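Chemist: Task: produce atomic coordinates for the following.
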Amino acid sequence: MGRMRRALWGAAWIGAAMMGLGPAMAGQAAATAISTGAETTTDEASALVGWIARSRDNAGLPFAVVDKKAARIQVFDRKGRLAGSSPVLLGQAIGDDSAPGVGEHAQTGNVPFEERTTPAGRFESEPGLNSQGEPVVWVDYEAAFAIHRLRPGASRVPREVRLASLVPADHRVSYGCVVVPEQFYKSVVQRVLGHSRSVVYVLPERRAVQEMFGTL
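Modeler: Residues are numbered from 1 along each chain as shown. As a prediction, this is how the structure comes out:
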């Protein structure tokens, strides 16, 4: 069993354990997750999912894990069941913090390159609307940091190409938001995270994971 398949099995087993299922049912849940074609990300992401399951850090809320190193997101329902996994687009600039005032810059559409980071950490998110009235999941409203769908426009096709790339570096194109395919937003993000508060965990790419999630 390859590393990605082993990690997926582990994530599905953890979700089943959070629901209090026995070994047989947990195994069945893991096999079902594998059969959906969902993919996991790095070992750090799998370890974080395990820590959330053990600690109940999500406090019974739906949650998402964003792995910047692999440019992927995993979305889990409030019972810890994997709802879906998808490639994502991320901030162009490497870094784990939001620049001071980046939310104000985003409102003007003038965000300097070095401020185009996807911040890492634990965020309590909530659904809302952007300035165009489109549904988004606000991860950090003050920093204008959200999970949203791939938008229509001239950049849509080249961004779809980047989303399909297996090279994580190709996914660094946004101003900092986590951008997902439109269908994934509608069928997973909107359905699981788009109706209530949730928790979004973003793994760091420069800082140590233990610095963000010490008990991990």
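Chemist: Is Ile52 in contact with Asn58, as I believe?
Modeler: Yes: in terms of Cβ atoms under 8 Å, Ile52 counts as a neighbour of Asn58; the distance is 5.6 Å. From N, CA and C alone the C-beta is placed, and that goes for glycine too.
Chemist: Just the strands from this structure, written as ranges.
Modeler: Under the criterion DSSP state E, the chain contains strands at 63-67, 72-76, 82-87, 90-91, 121-129, 135-140, 145-149, 172-174, 178-180, 198-203.
Chemist: which helices and strands does the fifth one pack with?
Modeler: Same thing as strand 121-129. When contacts are defined as 3 or more Cβ pairs under 8 Å, 6 or more residues apart in numbering; DSSP states H and E, strand 121-129 packs onto strand 135-140, strand 198-203.
Chemist: These into CSV, with extra columns for mean pLDDT?
Modeler: Formatted as CSV, the helices and strands packed on strand 121-129 follow (pLDDT from 0 to 100):
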stretch, mean pLDDT
strand 135-140, 96
strand 198-203, 98
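Chemist: Indicate which one of those is closest to Pro87.
Modeler: Proximity to Pro87 (Cβ to Cβ) singles out strand 198-203 among the helices and strands packed on strand 121-129, at 15.0 Å.
Chemist: what are the pairing partners of that closest one, and which direction each?
Modeler: Next to strand 198-203 in the sheet, as set by DSSP bridges, lie strand 63-67 (parallel), strand 121-129 (antiparallel).
Chemist: got the angle for that strand vs strand 145-149?
Modeler: Interaxial angle, strand 198-203 versus strand 145-149 (axes from the mean of the first three to the mean of the last three Cα atoms, to 10 degrees): 100 degrees.
Chemist: separation between Lys68 and Ser155?
Modeler: 21 Å (Cβ to Cβ, to the nearest Å).
Chemist: Name the residues contacting each of Ile52 and Asn58.
Modeler: Common contacts of Ile52 and Asn58 (Cβ atoms under 8 Å, 6 or more residues apart in numbering): Gly80.
Chemist: List the buried residues of stretch 56-70.
Modeler: Buried residues in stretch 56-70, counted by 16 or more other Cβ atoms under 10 Å: Asp57, Asn58, Leu61, Pro62, Phe63, Ala64, Val65, Val66, Asp67, Lys68, Ala70.
Chemist: ugh, wrong one, stretch 78-86
Modeler: Across stretch 78-86, burial judged by 16+ other Cβ under 10 Å covers Gly80, Arg81, Leu82, Ala83, Gly84, Ser85, Ser86.
Chemist: now swap in stretch 161-181 and tell me
Modeler: Across stretch 161-181, burial judged by 16+ other Cβ under 10 Å covers 162-163, 168, 171-181.
Chemist: before we move on, the earlier item: please tabulate the helices and strands packed on strand 121-129 in JSON lines and include distance to Val75 and mean neighbour count as additional columns.
Modeler: Shown next, in JSON lines, are those (distance: least, Cβ to Cβ, whole Å; neighbours: other Cβ atoms under 10 Å):
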{"stretch": "strand 135-140", "distance to Val75": "10", "mean neighbour count": "22"}
{"stretch": "strand 198-203", "distance to Val75": "9", "mean neighbour count": "24"}
